[in-house]
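A.B. asks: I'll drop the sequence and a predicted model, then ask my questions.
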Amino acid sequence: MEPVELTIAQLNRGGNTNYIILRVARRWDTILPTTGKFITIDFLFTDRIGRAIHGYMDPKLQKNYSVVLFEGHVYKISTFQVKGLKSSHNAVPGPNKLLLYYSTIVTPVDIDITPFPRHHFNLATIDQIVARINKDQIMTGMLSATTTLNKIKVRRQEQEAKKRTVTLKLLSGGEVKVSIWAKFLANIDIDSLMVLQPKPIMLIAGTTVKGETSNFYLTTTTGSKIFINPDIPQTGELFQRYAEEKSAVILLEDDHPQQKKDDKAKIKLIIFETLAEELAGISVADVPALKDTSSIKIPTRAYDIINKQYYFVVGLPKHSLQKEELNFKIYDYKPLNDNNPSVTESKGKAIDFTSAPLLLTGNTTELTFQTPEKPTSAIHLPSGDSSPPETQ
């Protein structure tokens, strides 16, 4: 039987020897931020009907497809597999994903590309954003008016990485903060952005939502892409919504952050083993072993730490980094003496602040934005004769 052309809506799970004609709307490398491991090469495809599907392939196959699958171009893809959604970081909702493997044949086609959308945006509402807090199955795209850009340098042991915190206004009038690593702003002229009138509209695709319901923010991923004043209907709606607001975008410099106090913010910290015993002034040896631990009474002296102040050395355990969660662990502490903190004796080990690999300052909101990602591996596309053609 001769292979037939399918559309995205006609795809069924399993192997497929037919073919589908798709346009590459976006292409990116998926890299684990905590380990730098190169996981997959990912694509956002669109068909002639206007539908979109997330596709991917093993990075080992990159050399097999080095002269095809460039953004903006249309290809005939034959012999592929249709899979279900991955557990996280899917570009679009829907039941299926397209897997390109060693038997897949990709051929450029010379046809009218007009029916194939150059871009596909699944813009989230504020309710959808809140519903996705710390749930990364679907990556989030949002379109907003830019109000402030906060420039921050994150200090690490051997390097310094730049990022920006952007405050965006939604059509609904609410504001959302987005933490953007500098590499995503490499092709954006920030100086020009500052003086644009009306205020520029920024579309950020491929983010995830972090934090809590009362204090959440979006953060870029390796699949993120930023568009300024994109040519879509919602851009005109936002321009109209904020037409009377003539103030320029504000750039806040934060190259040398100062230590701040905030007695209103809260953060949950966990302390374990002997360090916990020292801090609470109790010993687990004094606590009777019971099957029903809910009936154990903690000695009264353990409550003496309430309302006392301490310097804490905190960090993100490996499992928190892997899950990209802000669950801090206490590694050391030092009581704070209001009269002379420098000579206060420590119950735990001595704290040498100058040798700490990273000092995080500020309130809990700022802590989430200052927590660094681990550096990712550099991935280079083939050069020479295999350089990509101009985007259509």
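C.D. replies: Received the coordinates, thanks.

A.B. asks: going forward, measure contacts between C-alpha atoms and count neighbours the same way
C.D. replies: Fine.

A.B. asks: Just say helix, strand or coil for residue 167.
C.D. replies: Following DSSP: H, G, I helix; E, B strand; the rest coil, residue 167 is assigned to strand.

A.B. asks: so it makes contact with residue 178?
C.D. replies: Yes - Residue 167 is within contact range of residue 178, at 6.5 Å (criterion: CA atoms under 8 Å).

A.B. asks: list residues touching both of the two?
C.D. replies: Contact with both residue 167 and residue 178 is made by no residue, according to CA atoms under 8 Å, 6 or more residues apart in numbering.

A.B. asks: Show me where the stretch 151-300 of the chain has its strands.
C.D. replies: 160-169, 175-181, 201-212, 215-228, 250-254, 269-270 (DSSP state E, counting those that start in this stretch).

A.B. asks: closest one to residue 100 among those?
C.D. replies: For residue 100, the closest of the strands of the stretch 151-300 of the chain is strand 215-228, at 18.0 Å, according to CA to CA.

A.B. asks: tell me the most buried of the strands of the stretch 151-300 of the chain?
C.D. replies: Sort those by mean neighbour count, taking mean count of other CA atoms under 10 Å, and strand 201-212 sits at the top with a mean of 22.

A.B. asks: Give me the residues contacting it.
C.D. replies: Counting by CA under 8 Å, 6+ apart, 89, 91, 121, 129-130, 132-136, 138-146, 216-221, 223-230, 235, 238-239, 325, 368 sit against strand 201-212.

A.B. asks: can we see that at 6 Å?
C.D. replies: Strand 201-212 is contacted by residues 133-134, 136, 139-145, 216-221, 223-229 when judged by CA atoms under 6 Å, 6 or more residues apart in numbering.

A.B. asks: cool, stretch 46-60 as well?
C.D. replies: Outside stretch 46-60, the residues within contact range by CA under 6 Å, 6+ apart are 22-23, 40-45, 91, 97-100, 115-116.

A.B. asks: Just the buried ones among the residues you listed, please.
C.D. replies: 22-23, 40-45, 91, 97-100, 116 (16 or more other CA atoms under 10 Å).

A.B. asks: Model confidence at residue 116, what's the number?
C.D. replies: We have a pLDDT of 97 for residue 116.

A.B. asks: Then residue 34?
C.D. replies: Here the pLDDT value assigned to residue 34 is 64.

A.B. asks: and after the lengthiest strand in the chain, which helix or strand comes next?
C.D. replies: For the chain, the strand reaching the highest residue count under DSSP state E is reported as strand 14-31. Using DSSP states H and E, the helix or strand that directly follows strand 14-31 along the chain is strand 38-46.

A.B. asks: what's the angle between that following strand and strand 215-228?
C.D. replies: Per axes from the mean of the first three to the mean of the last three CA atoms, to 10 degrees, the angle that strand 38-46 makes with strand 215-228 is 60 degrees.

A.B. asks: orientation of strand 38-46 relative to strand 14-31 in degrees?
C.D. replies: Inter-element angle recorded for strand 38-46 and strand 14-31: 120 degrees (by the same axes, to 10 degrees).

A.B. asks: in its sheet, what does strand 38-46 sit against?
C.D. replies: Applying DSSP bridges, strand 38-46 is found paired with strand 14-31 (antiparallel), strand 52-57 (antiparallel).

A.B. asks: Compare the strands of the stretch 151-300 of the chain and say which comes out lowest on pLDDT.
C.D. replies: Looking at the strands of the stretch 151-300 of the chain, the weakest mean confidence is strand 250-254, a mean of 47.

A.B. asks: Can you give me the end-to-end span of stretch 192-201?
C.D. replies: 13 Å (CA to CA, to the nearest Å).

A.B. asks: May I see the buried residues of it?
C.D. replies: 193, 194, 198, 199, 200, 201.

A.B. asks: Now distance to residue 31 too, for those, in JSON lines please.
C.D. replies: Output for the buried residues of stretch 192-201, formatted as JSON lines (distance: CA to CA, whole Å):
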{"residue": "193", "distance to residue 31": "29"}
{"residue": "194", "distance to residue 31": "32"}
{"residue": "198", "distance to residue 31": "36"}
{"residue": "199", "distance to residue 31": "33"}
{"residue": "200", "distance to residue 31": "30"}
{"residue": "201", "distance to residue 31": "28"}
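
A.B. asks: Minimum pLDDT in the residues you listed, which residue is that?
C.D. replies: Note: of these, the lowest pLDDT belongs to residue 194, at 70.

A.B. asks: Against residue 27, how distant is residue 305?
C.D. replies: 53 Å.

A.B. asks: hang on, the earlier thing: could you single out the nearest of the buried residues of stretch 192-201 to residue 333?
C.D. replies: residue 194 (43.0 Å).

A.B. asks: Distance of that closest one relative to residue 73?
C.D. replies: Here the criterion is CA to CA. By it, residue 194 lies 33 Å from residue 73.

A.B. asks: cool, and residue 231?
C.D. replies: Residue 231 is 19 Å from residue 73, where distance means CA to CA.

A.B. asks: more neighbours, those two?
C.D. replies: Each of residue 231 and residue 73 has its neighbours counted (other CA atoms under 10 Å); residue 73 has more, 21 against 10.
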